[in-house]
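Enquirer: build the 3D model from these lines:
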Amino acid sequence: MARAPLTPTLSPLSGGEGEEGAGGEEENQRGRGARMILGIGSDIIDIRRIERTIERFGDKFLDRIFTETERRKSDRRANRAASYAKRFAAKEACSKALGTGFAAGVFWRDLGVVNLPSGKPTMKLTGGALDRLRAITPPGMQAQIDLSLTDDNPQAQAIVIISAVPLPSAAG
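Expert: Below is the predicted model of the structure:
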């Protein structure tokens, strides 16, 4: 049975005014909902390594690792290798945040970097990665995946934080 891919819904981190993430225990007592971190992952990669791999293996490598959306986006970039390297690092970081790495049914193409309408990057999970995300998300909560990407030649880096936030009906 095929499952629809999950693109996490973004919720404000603070439920009130002031600094993002402010509120802590007081916020939870007011019934705006507890949030919890389910996993954190990070990865740094040498852009030149990805560049050499693309030169050596071409589409065979790109098709094995990246989704069609990622390929279209990266192929339009002036610095194509850096774009692919950031996405590679994001997949590694997300697999670490899921707690599986690339095992337990989680494959490279199950993890894809997408952009929200605002332009903010996040991850779209399918297959075994989506199954794992559902397994680690507590009842009454939904997963939120925050992704930060950066590069400074010759390095590319990604950091992923997977959080559980209350479902709108569970938030009160």
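Enquirer: thought residue 116 was touching residue 122?
Expert: Yes. Counting by CB atoms under 8 Å, residue 116 does reach residue 122; the two are 6.0 Å apart. C-beta coordinates here come from the backbone N, C-alpha and C atoms, glycine included.
Enquirer: how far does stretch 143-160 sit from the chain's center?
Expert: 9 Å (CA atoms, centre = their mean, to the nearest Å).
Enquirer: ok, now stretch 46-54?
Expert: Centroid displacement of stretch 46-54 relative to its chain, using CA atoms, centre = their mean, is 21 Å.
Enquirer: that older thread, neighbour-wise, which of residue 116 and residue 122 wins?
Expert: Neighbour count, other CB atoms under 10 Å: between residue 116 and residue 122, residue 122 has more, with 21 against 12.
Enquirer: for the residue sitting nearest the centre point of the chain, give its distance to residue 144.
Expert: Residue closest to the average C-alpha location in the chain (CA atoms, centre = their mean): residue 123, at 3.4 Å. In this view, residue 123 and residue 144 are 10 Å apart by CB to CB, to the nearest Å.
Enquirer: over to residue 112?
Expert: 17 Å.
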